[in-house]
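Colleague: kindly generate the corresponding structure for this input.
(one chain, ligands or ions: 1)
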Amino acid sequence: MRIKLLVLTMAVAATAIAQPRCEITLSDNWQFCKGSCDNDGAVWKTVSVPHDWAISGPFDKKWDLQTVAIEQNGEKQATEKSGRSGALPWIGEGHYRRTFQIPEGYEHAELVFDGAMAEPSVSINGHKAGYWAYGYNAFRIDITPYIKTGDNLLEVDLKNVEESSRWYPGAGIYRPVKLVLTPKSHIDMWQTCVQTLSIQENKALIRVSAKVENPLEEQEIFISLIDRDGQIVKTNWVKVPAHGDLTSTIEVEEPSLWTPETPYLYTLGLSLVREDVDEAAGIADVVTIDETRLRFGIRTVSVSEEGGFQLNGVTRKIKGVCLHHDLGPLGTAINKSALIRQIKTMKEMGCDAIRTSHNMPSQMQMDICDSLGMMVMAESFDMWLYPKCKNGYARFFNEWADRDITNLVLVNRNHPSIIMWSIGNEIPEQGSEKGREISCHLQELCHQLDPTRPVTQGMDRAEEALKSGFAQVMDVPGFNYRVHKYSKNIEQLPQGFLLGSETASTVSSRGVYKFPVEITDNSRYASWAPTYDPTAIQTADGQCSSYDVEYCSWSNLPDDDWVWQDDKPWVIGEFVWTGYDYLGEPTPYDEYWPSRSSYFGICDLAGLPKDRYWLYRSKWNKDEHTIHLLPHWTWDKKRRGEMTPVYCYTDYPTAELFVNGKSQGKISKNPASRLDRYRLRWNDVRYEPGEIKVVVYDGQGNLAGERIIRTAGKPAKLQLDAWMAEGHLLKADGDDLAFVTVSLTDAQGTLIPDASDQLTFEVSGAGSFEAVCNGDATSLESFTQPTMKLFHGQLVVIVRSTKEAGAITLKVTDEHLNLSQAIDIPTR
Ligand code: GAL
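Modeller: I've put the predicted structure just below:
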């Protein structure tokens, strides 16, 4: 029988399955209604899920206008914070419904939500089937008792309350919903996991654990490990015990290991089979009852005083960024191409890790991190019992925290990209005994569910956290900011290492350069700060300088972090705040209107790199050289002869700058200076139109490259550059997106850096206009209307494919200049 079974299962056909497992993503044909919708006049419209009901706006300071003191920022007095949660209409009730089909003969049905904002209450055919409190978590509902063969009605009611978030949380069913149909006896994927126990001398030991629900007698599970080319590399049989829980330890020879640089993925195949004996006929046959697959990677993670952070036994410093869950102009409705764009752009910068601050990641994002090679710190909470905002998660913590951590770990533990769990961010209880107890409890829960990964959390009050023992109990003590305290902290940490769980919070706006160039913590804009200057906020423009010298009173510049990362072996890496700008939290303009999105991003809200991107790239990307010059060189007459510092972000140590051919000096990086260890700066350059050129030299003094920036002439053309996940075409699946960067340039292609022309967009053919964003945190123009102003010469238009293959044309028009330009995007 063994042989027969093996042959059958390897062919992955087996004897016909009575009711084969079937997973359907419920994306189309949802009806959506906002507000209270049980009356006849309610307006329902057809939408697709993922969906964010608030992203179309309109922007208005009245939405979730918070008059609060932000305690983490050290504020004592409440003041008006208008754009804190994005100034978008996300508060209130939202209702979704749709029908789905259950084919004849299914014995078990589950709905899996990857997240719904917020407090989703789910009904099937009028019966309340389930509820989840936290909008960020995945949850599943067994709907078997409520379903019938044929049409079934699914209703999801959501509720968002004011002052429940410190940023834009989004609104709606913003992540996928899956219907999973199985036989009654089936493999429970949430209880199934693959762990790498050890990797030694070209052999990996992995453990597969699985759970069979409603096991039957004489069942066996056939396990197969399949490599990237589809070859079965290992198989194993395990008898299913009466309780249904089984484990199997498998040795893999010459394993291909998962790393960010080599994101090798295997597939685990599981077949639940049973021998079916027909005694009358005298034959025995094998019936496959359930079959399923999951992708996994072989790799180990460890942290220690001797080795720091190690992946597969190799020490590496984490070069990470924190990411919020919104996708800028797409809001929180997740989209595969948008997530791929985010991760690829970060990888090209040399970044190897993300922190899903401050909540659970989506499965789609984790799949992408697995396959592209991006390590992940998967976070859970921004608060526990003590509320950081009046109606935040603290309302639910006591009742829900364990269930939330459980789901986080169960859903995500098979993703090789995840290297650690985070149980919290800047938890106010960090100075208390209670806080220490909760840390121990949540960390232990993570360990029980997943003994293979360390647990961390980000602490912002080092002294308190060290006094209470809160920091000492963590597998990985994570400190947010305050690098100058690192050496004191390490003395009190038995772990012998620490992580910069959140760093930098440097602020800048793409294309904005302020003079004179001043290092500032921007506290002059904060009415609660001793250095507050009311005239500063009255005359402010709502932008931050891209000389990358502005930060917050609690934070610092990228250079300050690198000193610690480079000089102290016990600092195991960092997660920069943040990879991209996000909606809400417009610090330092928390008290300024209009401003509705952050300035922290290395890239802006449209996903365009700011100068800081090249600073990080010059430090982090070890495969490619970086030579980046700033600022732009197109200033008006008033700047002529004025001091206009020039910075070069490069991995090379030495460079010479020329203004219209005149040398401004050859300089080298200087480890003794705060801003000259990682940047090359010429501070005494006087502006004159023409060109600036930098020539860089390697460590041996050899000429290695140059970069030129020219003064732009008259605006002459619109340049359109499309980014697509697949390269040069979109999938005709109705989901794929093209991101078209529009730049206004002169005839030679030099950007017009101060252009703010109003553009309009027309999309025809096999696609539709999806959204537009210019990265200006103060813009109140809607993301979903086909018109927007350029911000410093650029913006990004997003176009969606339809399900019909063909070609999409995007036409961009600048009426004022009488210019237009079109781009064709093929779809297949
Ligand atoms: C941190 C916090 C982040 C964000 C950041 C801004 O303290 O963890 O969520 O608020 O400050 O600098």
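
Colleague: what residues does the protein put near the ligand?
Modeller: 72, 358, 425-426, 460, 480, 502, 505, 552, 555, 577, 585, 587 (CB under 6 Å from any ligand atom). The way it works is simple: take the backbone N, C-alpha and C, and place the C-beta from them, glycine included.

Colleague: buried among these? Need that as a selection in ChimeraX.
Modeller: Of the residues of the chain next to the ligand, the buried ones can be selected in ChimeraX as follows, counting by 16 or more other CB atoms under 10 Å:
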select :358,425,426,460,480,502,505,552,555,577,585,587
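
Colleague: quick one, grab the pLDDT at the closest residue to the ligand within the stretch 151-300 of the chain.
Modeller: Sorted by distance to the ligand under CB to the nearest ligand atom, the residues of the stretch 151-300 of the chain start with R166, at 6.3 Å. pLDDT recorded at R166 is 98.

Colleague: let's number from 397 now, not from 1
Modeller: Sure, I'll start counting at 397 from here, so that last one is R562.

Colleague: so it makes contact with P783?
Modeller: No - counting by CB atoms under 8 Å, R562 stays clear of P783, with 10.7 Å between them.

Colleague: compare these two (neighbour count), which wins?
Modeller: R562 (21 against 17; other CB atoms under 10 Å).

Colleague: next, give phi and psi for the residue nearest to that one when sequence neighbours are not counted.
Modeller: Distances taken as CB to CB, 6 or more residues apart in numbering place C785 nearest to R562, at 5.8 Å, with adjacent residues excluded. With angles defined as degrees, to the nearest 10, C785 sits at phi -140, psi 150.

Colleague: off-centre distance for the host helix or strand of I617?
Modeller: Counting by DSSP states H and E, the element that carries I617 is strand 615-622. Its chain's C-alpha centre and that of strand 615-622 lie 34 Å apart, by CA atoms, centre = their mean, to the nearest Å.

Colleague: got it, and stretch 800-819?
Modeller: For stretch 800-819, the distance to the chain centre is 15 Å (CA atoms, centre = their mean).

Colleague: could I get the phi/psi values of T711?
Modeller: According to degrees, to the nearest 10, T711 has phi -70, psi 130.

Colleague: can you pull the contacts of it?
Modeller: T711 sits next to 703-705 when contact means CB atoms under 8 Å, 6 or more residues apart in numbering.

Colleague: out of the residues you listed, which one sits closest to P1111?
Modeller: F705 (49.1 Å; CB to CB).

Colleague: chain neighbours aside, what residue packs nearest to that closest one?
Modeller: Nearest to F705 is I968, by CB to CB, 6+ apart, at 4.2 Å.

Colleague: please apply the same query to L621.
Modeller: K630 (4.3 Å).

Colleague: can you name the residue of this protein nearest to the ligand?
Modeller: For the chain, CB to the nearest ligand atom, closest residue to the ligand: S901, 3.6 Å.

Colleague: how much space separates that residue from R1075?
Modeller: Separation of S901 from R1075 (CB to CB, to the nearest Å) stands at 18 Å.

Colleague: go on, S605?
Modeller: 50 Å.

Colleague: neighbour count: these two, which is higher?
Modeller: R1075 (23 against 14).

Colleague: tell me the SS of the closest residue in space to that one that isn't next to it in sequence?
Modeller: Nearest non-adjacent residue to R1075, counting by CB to CB, 6+ apart: Y1043, 5.5 Å away. Recorded secondary structure, Y1043: strand (DSSP: H, G, I helix; E, B strand; the rest coil).

Colleague: all strands of the stretch 547-696 of the chain, in order?
Modeller: Along the stretch 547-696 of the chain, counting by DSSP state E, counting those that start in this stretch, strands occupy 573-578, 582-583, 589-596, 599-609, 615-622, 628-635, 641-649, 662-674, 679-692.

Colleague: how about the stretch 1047-1196 of the chain?
Modeller: According to DSSP E, counting those that start in this stretch, the strands that the stretch 1047-1196 of the chain contains are 1050-1055, 1058-1064, 1076-1078, 1087-1093, 1099-1106, 1113-1120, 1133-1141, 1154-1161, 1163-1169, 1183-1185, 1190-1197.

Colleague: who touches the residue nearest to the spatial centre of the chain in this structure?
Modeller: Centrality entry for the chain: nearest residue to the mean C-alpha point is L719, 4.4 Å, by CA atoms, centre = their mean. Residues near L719 by CB under 8 Å, 6+ apart: 738, 750-753, 974-976, 978.
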